[in-house]
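>>> Predicted model follows, preceded by the sequence.
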Amino acid sequence: MYFGAHVKSSGGVWHAIENGVEIGAEAVQFFAGSPRTWAPTLYKEKDAARFREARAGSPIRFVVIHTIYLINLASDRPDFYEKSIRSLSGALAAADQLGADAIVTHIGSHQGSGFAVGLERVRRGLLTALAESEGSPVRLLLENTAGAGGTMGVDFRELGQIIDAAGGDPRLGICLDTAHIFESGADLRTREGVDLVLRELDEHCGRDRLVMLHLNDSKTPLGSNRDRHENIGDGDLGEEAFRLLVNEPAFEDLPGILEVPGLDGSGPDRENLARLRALVD
Ligand SMILES: [Zn+2]
Ligand SMILES: [Zn+2]
């Protein structure tokens, strides 16, 4: 595994590369605009070129845009649903401009309609966004959830069903968030727990669907269904879980991206990256 971080991209998107390099990251993730507004970001060509140039001269090996938190591809509200698809599609277009490798998105909640009804909405949303970005090399990654009320994609079984429903498009992939899967009940603190997760990945999705990890410790206990990220080693997952994860051969060539609060509360930092690297055998 190689390590990266969610970074700020304000004041010019190329700053995301500088902000990553500054803390020693080899992969960066950022929002393409404000995470709480719907308006899709379209970069000026000169800004996108400046980003691509900055990346080319840097040690950054992987670039991913995180979609906004408002997206709900399973929403039962037509206006919200349409805006979600527009936003997903917009993120793919922005990623394409920057030459990013992927976008990652939370799928959303069926809000009580049930998984099957939600699945049909998600299927249509994903197919629309994939069709609108046809020919683009940018991967569309679905993130597992902590399992709070009605959220879609709590485990590899659900993620596999969603990918299958969308026709198994080769651009679809998975981002495994370590805090979320622990909060949903998978115990990554033991060898057996990690092996079980890998078996479920193989069975329901196939190993090559896994494109990246979010490396976050958890402020809440196993199976809490409550999503609260903690700095590496300081939460309920703890150091031993991350020792297993960073040395796992199945994850050898994948980016592991931090979304932790940081020691001073200003986001992923050099210290959290150092903690991960110190666990590599
Ligand atoms: Zn995450
Ligand atoms: Zn989270």
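Structure's in. What do you need? Ligands and ions are numbered 1, 2, ... in the order given.
>>> Please list the residues of the chain that sit near ligand 1.
Counting by Cβ under 5 Å from the ion, the chain comes close to ligand 1 at Asp177, His214. Just so you know, the C-beta spots here come from the backbone N, C-alpha and C atoms, and that holds for glycine as well.
>>> What are the buried residues along the helix or strand encompassing Leu245?
Using DSSP states H and E, Leu245 falls within helix 238-246. Under the neighbour-count criterion of 16 or more other Cβ atoms under 10 Å, helix 238-246 has Gly238, Ala241, Phe242, Arg243, Leu244, Leu245, Val246 buried.
>>> And stretch 205-224, how far out from the chain middle?
9 Å (Cα atoms, centre = their mean, to the nearest Å).
>>> Show the end-to-end separation of that stretch, please.
25 Å (Cα to Cα, to the nearest Å).
>>> List the buried residues of it.
Here stretch 205-224 shows 205, 209-220, 222, 224 as buried, counting by 16+ other Cβ under 10 Å.
>>> Please apply the same query to stretch 153-165.
Buried residues in stretch 153-165 (16+ other Cβ under 10 Å): Gly153, Val154, Asp155, Phe156, Glu158, Leu159, Gly160, Gln161, Ile162, Ile163.
>>> so the fourth one touches Gly206, yeah?
No - the criterion here is Cβ atoms under 8 Å, and Phe156 misses it with Gly206 at 9.7 Å.
>>> tell me which residues of stretch 36-46 are tucked away?
In stretch 36-46, counting by 16+ other Cβ under 10 Å, buried: Pro40, Thr41, Tyr43.
>>> Sort out for me which of those residues are in strands.
When DSSP state E defines the strands, the subset of the buried residues of stretch 36-46 inside them is empty.
>>> Tell me the one among those nearest to Ser10.
Set against Ser10, the nearest of these by Cβ to Cβ is Thr41 (11.9 Å).
>>> What's the separation between that closest one and ligand 1?
Distance of Thr41 to ligand 1, given as Cβ to the ion, to the nearest Å: 20 Å.
>>> element containing the residue located most distally from the centre of the chain?
Farthest-out residue of the chain from its mean C-alpha position, per Cα atoms, centre = their mean: Lys46, at 27.2 Å. Taking DSSP H and E as the criterion, Lys46 maps to helix 45-56.
>>> So what touches that helix?
Applying Cβ atoms under 8 Å, 6 or more residues apart in numbering, the external contacts of helix 45-56 come out as Gly12, Val13, Trp14, Ala16, Ile17, Glu18, Tyr43, Val63, Gln97, Leu98, Gly99.
>>> rerun that using 7 Å as the cut-off
Here helix 45-56 makes contact (Cβ atoms under 7 Å, 6 or more residues apart in numbering) with Gly12, Val13, Trp14, Ile17, Glu18, Val63, Gln97, Leu98, Gly99.
>>> Tell me the one of the residues you listed nearest Ser184?
Out of the contacts of helix 45-56, the member with the shortest distance to Ser184 (by Cβ to Cβ) is Val63, at 27.5 Å.
>>> Can you tell me the element the closest one falls in?
With DSSP H and E as the criterion, Val63 is inside strand 62-66.
>>> Next, report how far the next helix or strand after that strand is displaced from the centre of its chain.
Once the chain leaves strand 62-66, the next helix or strand it forms, by DSSP H and E, is helix 78-98. Relative to its chain's centre, helix 78-98 lies at 16 Å (Cα atoms, centre = their mean).
>>> what does stretch 97-109 give?
That offset, for stretch 97-109, works out to 7 Å (Cα atoms, centre = their mean).
>>> how long is it end to end?
Using Cα to Cα, the end-to-end distance of stretch 97-109 comes to 29 Å.
>>> Stretch 220-229 now?
By Cα to Cα, the extent of stretch 220-229 from end to end equals 8 Å.
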